[in-house]
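Enquirer: Build me a structure from this.
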Amino acid sequence: MKSLEHHLLIAMPSLKDPYFTRSVTYLCEHSDEGAMGLIINRPVDVTLDDLLRQMSVKESDFVLPPGVANQVLMGGPIKPDRGFVLHSAMEGLSSSHPLPEGLMLTTSKDVLATLGSDRAPRHALVALGYAGWDAGQLEQELAENAWLTIPADPDLLFNVPHDQRWELATRRLGVDVWQISSDVGHS
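Expert: Model prediction:
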């Protein structure tokens with residue numbers, strides 16, 4: 001099995017699951033034991049600055065840096081009360097998991113406390129919950145043509161507006177996704 005860690009899963013137009021319809025999911029982990037990722041294009045009804053104030057992480061007089069999205073995302077249906085921060089690499093974060101291409105995944109609020117300061121990561125997105133697949137489940141969904149994949153691109157992760165990520169990700173495949181059949185065939 002080839003790992004799809006640091007790839008984007010792009011939902012096929014035929015995928016009708018309410019959590020994943022027209023979703024783009026960044027795969028943080030993928031192994032024989034399963035997969036874990038964050039949906040990167042589903043905002044929730046809370047801004048990051050409001051969330052940080054509610055958590056007493058920041059006061060009212062801070063400003064988010066340009067590379068940090070102010071919108072909190074619905075990262076997936078599993079543990080929606082748990083926060084995840086996907087961000088550019090930083091030193092001194094003991095609870096962060098390193099990812100390829102200079103990214104990190106953090107579940108503690110220590111990275112949140114840096115936002116609005118000169119210690120903040122250059123890029124960051126905050127998600128509540130995550131998407132997960134048991135061993136072999138993602139591979140089965142890929143075989144059933146539920147997903148397309150492309151290597152992750154920091155520009156798409158952090159700079160493209162949320163509502164444009166699915167469309168732009170599909171265009172990066174070099175085909176018109178609406179003309180791809182979801183039928184699985186064998187020759």
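Enquirer: now the strands for this protein?
Expert: Assigned by DSSP state E, the chain shows strands spanning 7-11, 24-31, 34-39, 43-47, 71-74, 78-88, 96-99, 103-106, 124-134, 147-151.
Enquirer: by contact count, what packs against the fifth one?
Expert: Under the contact definition 3 or more Cβ pairs under 8 Å, 6 or more residues apart in numbering; DSSP states H and E, strand 71-74 sits against strand 34-39, strand 43-47, helix 48-54, strand 124-134. Using the backbone N, CA and C atoms, a C-beta is placed for each residue, glycine as well.
Enquirer: Output the strands of the chain as JSON lines; include the columns distance to L168 and mean neighbour count.
Expert: Conversion of the strands of the chain to JSON lines gives the following (distance: least, Cβ to Cβ, whole Å; neighbours: other Cβ atoms under 10 Å):
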{"stretch": "strand 7-11", "distance to L168": "10", "mean neighbour count": "25"}
{"stretch": "strand 24-31", "distance to L168": "9", "mean neighbour count": "22"}
{"stretch": "strand 34-39", "distance to L168": "15", "mean neighbour count": "23"}
{"stretch": "strand 43-47", "distance to L168": "16", "mean neighbour count": "14"}
{"stretch": "strand 71-74", "distance to L168": "16", "mean neighbour count": "20"}
{"stretch": "strand 78-88", "distance to L168": "18", "mean neighbour count": "18"}
{"stretch": "strand 96-99", "distance to L168": "21", "mean neighbour count": "16"}
{"stretch": "strand 103-106", "distance to L168": "19", "mean neighbour count": "22"}
{"stretch": "strand 124-134", "distance to L168": "16", "mean neighbour count": "21"}
{"stretch": "strand 147-151", "distance to L168": "10", "mean neighbour count": "16"}
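Enquirer: Any regions of this structure where pLDDT drops low?
Expert: Counting by pLDDT under 70, the chain shows low-confidence ranges at 60-61, 177, 180-187.
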